[in-house]
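A.B. asks: sequence plus predicted model, see below.
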Amino acid sequence: MGGSKAPSGLAAARPESDPATPAPVVDIKDLSLTYEAADGPVYALSNVNLQIAEGEFVSFIGPSGCGKTTLLRVIADLEQPNGGHIHVNGVSPSEARVRRDYGFIFQAPALYPWRTIQKNVELPLEIFGISKGERRERSRRQLELVNLKGFEKKFPWQLSGGMQQRASIARALSFDPRLLLMDEPFGALDEIVRDHLNEQLLKLWDKTRKTVLFVTHSIPEAVFLSSMIVVMSPRPGRIIDIIDASHLGRERKLEIRETPEFLKIAHRVREGLRAGHSYDD
Ligand SMILES: Nc1ncnc2c1ncn2[C@@H]1O[C@H](COP(=O)(O)OP(=O)(O)OP(=O)(O)O)[C@@H](O)[C@H]1O
C-alpha cells in the first residue's frame, strides 16, 4: 500500500534541511489523536507528519472519516492531540489562535441572518474591539476582494449559496490572518458555481498570498486549486501521499483540467485514494 510514500513525496516536494528554507507555517510531527467513543476508541489521526510553507495552497483529500476535519481542527486549536508536536507560525495552536493567525471557513456559510453582509463581515472585528471607521474600511476592502461590492446592505438570505460562501471568506479575511482554513467550503454547491468559485479563490490566493489549507472530496477541485495535495486514508486516519502540484503554476484556467500534466496528478491522487480505500464500508 501507499504508506511508505508520504515521507519520500514530502522530501521530494519540500527539502527540509536547507537552511535557506524559511520556517514552515504549519509544522506537524508524529501527530496522533484518538477519540474515546461509547463503543471504543476512534483513531482519527495516526503518526501524521506534515510541513507547509508560507503561501502554499494545500488540499486534503480522502474518504469520509480519514481525519481531514480533525486535522484542520487540531491546527485551529479546536481539538487537542494525544501525541506528537504541532506548531502554527512557530507557536502552539492556542497561541496562534490568540494571535488571530487564522480564519476558519466551514461547509455552511454560517452567516447571521439578522445581520447584513457588511455587518457579518465586521462581526469578528467588532468582537476584537476595532473602531467603527476601521471596520467599515476593512469590510469594504474584503467584500471588494470577493466580488461582493454593492451587496453590503443585503441580508444573507437575499444572496445565492455561492455569494454567501464568498461573504464568509470575506469575514475570515477581515482580520488579515496569515492562514485560511477551509473545510469543504464549496461542497454543497452545484458544479458550475463551484468551478466559478474555484477560479475566484485562486485569484484571491494569488492576490493575498495567504497560506490556504483546504478540505475537499473532489479530485479535480484538489488538483485545480493546489500547490500541494495531501491524500489521506481512514482507520487509522493517516497521510498516504503528498503530491507537489506547484509546477501547474499559480494562474490556472479551468481548461488546465484537460492537460496531460493535470491528468497525471489527478491519476496519482486517484491511485492513492484507491490504495487507502476499504470496500467494506
Ligand atoms: N467528537 C468525536 N467523537 C468521536 N469520534 C469522532 C469525533 N469527531 C470525529 N470522530 C471520528 O473521527 C474520525 C475522523 O473524523 P473526521 O470528521 O476528521 O473525518 P473527515 O475525513 O473530515 O470525514 P468527512 O469527509 O466525512 O467530513 C471519524 O471516524 C469520525 O467518526
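C.D. replies: Good, I have the coordinates. Only a predicted model underlies this, so the values are computations on that prediction, with no experimental measurement involved.
A.B. asks: tell me the residues of the stretch 151-281 of the chain that contact the ligand?
C.D. replies: Gly237 (CB under 6 Å from any ligand atom). Backbone N, C-alpha and C define where each C-beta goes, glycine included.
A.B. asks: ok, Arg97 - contacts?
C.D. replies: Going by CB atoms under 8 Å, 6 or more residues apart in numbering, Arg97 touches 76-77.
A.B. asks: which SSE is it in?
C.D. replies: Using DSSP states H and E, Arg97 falls within helix 93-98.
A.B. asks: now do the buried residues in that helix.
C.D. replies: For helix 93-98, the neighbour count (16 or more other CB atoms under 10 Å) marks 93, 96-97 as buried.
A.B. asks: now do stretch 37-45
C.D. replies: For stretch 37-45, by 16+ other CB under 10 Å, it's 42-45.
A.B. asks: how about those in JSON lines, adding secondary structure and distance to the ligand?
C.D. replies: As requested, the buried residues of stretch 37-45 are exported to JSON lines (DSSP: H, G, I helix; E, B strand; the rest coil; distance: CB to the nearest ligand atom, whole Å):
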{"residue": "Val42", "secondary structure": "strand", "distance to the ligand": "4"}
{"residue": "Tyr43", "secondary structure": "strand", "distance to the ligand": "8"}
{"residue": "Ala44", "secondary structure": "strand", "distance to the ligand": "4"}
{"residue": "Leu45", "secondary structure": "strand", "distance to the ligand": "8"}
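A.B. asks: residues touching the residue of the stretch 151-281 of the chain found nearest the ligand, list them.
C.D. replies: Residue nearest to the ligand within the stretch 151-281 of the chain: Gly237 (5.5 Å; CB to the nearest ligand atom). Contacts for Gly237 (CB under 8 Å, 6+ apart) come out as 43-46, 48, 62, 65-67, 70-71.
A.B. asks: count of neighbours near the closest residue to it other than its chain neighbours?
C.D. replies: Using CB to CB, 6 or more residues apart in numbering and skipping residues adjacent in sequence, the residue nearest Gly237 is Gly67, 2.6 Å away. Each residue near Gly67 was counted by other CB atoms under 10 Å, and the total is 28.
A.B. asks: got a list of what Gly67 touches?
C.D. replies: By CB under 8 Å, 6+ apart, the neighbours of Gly67 are 33, 44-45, 48, 232, 234, 236-238.
A.B. asks: and the residues you listed, which of them are in strands?
C.D. replies: Taking DSSP state E, the ones among these that sit in strands are 33, 44-45, 48, 232, 238.
A.B. asks: quick one: low-confidence parts of the protein?
C.D. replies: Residue ranges of the chain with pLDDT under 70: 1-21, 277-281.
A.B. asks: what segments of it are strands?
C.D. replies: So, for the chain - with DSSP E - the strands run 26-37, 40-52, 57-61, 83-88, 102-105, 179-183, 211-216, 228-233, 238-244.
A.B. asks: in JSON lines: these, plus distance to Glu199.
C.D. replies: Shown next, in JSON lines, are those (distance: least, CB to CB, whole Å):
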{"stretch": "strand 26-37", "distance to Glu199": "25"}
{"stretch": "strand 40-52", "distance to Glu199": "23"}
{"stretch": "strand 57-61", "distance to Glu199": "13"}
{"stretch": "strand 83-88", "distance to Glu199": "28"}
{"stretch": "strand 102-105", "distance to Glu199": "17"}
{"stretch": "strand 179-183", "distance to Glu199": "15"}
{"stretch": "strand 211-216", "distance to Glu199": "14"}
{"stretch": "strand 228-233", "distance to Glu199": "18"}
{"stretch": "strand 238-244", "distance to Glu199": "21"}
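A.B. asks: closest one to Phe128 among those strands?
C.D. replies: Nearest to Phe128 among the strands of the chain is strand 102-105 (12.4 Å), distances taken as CB to CB.
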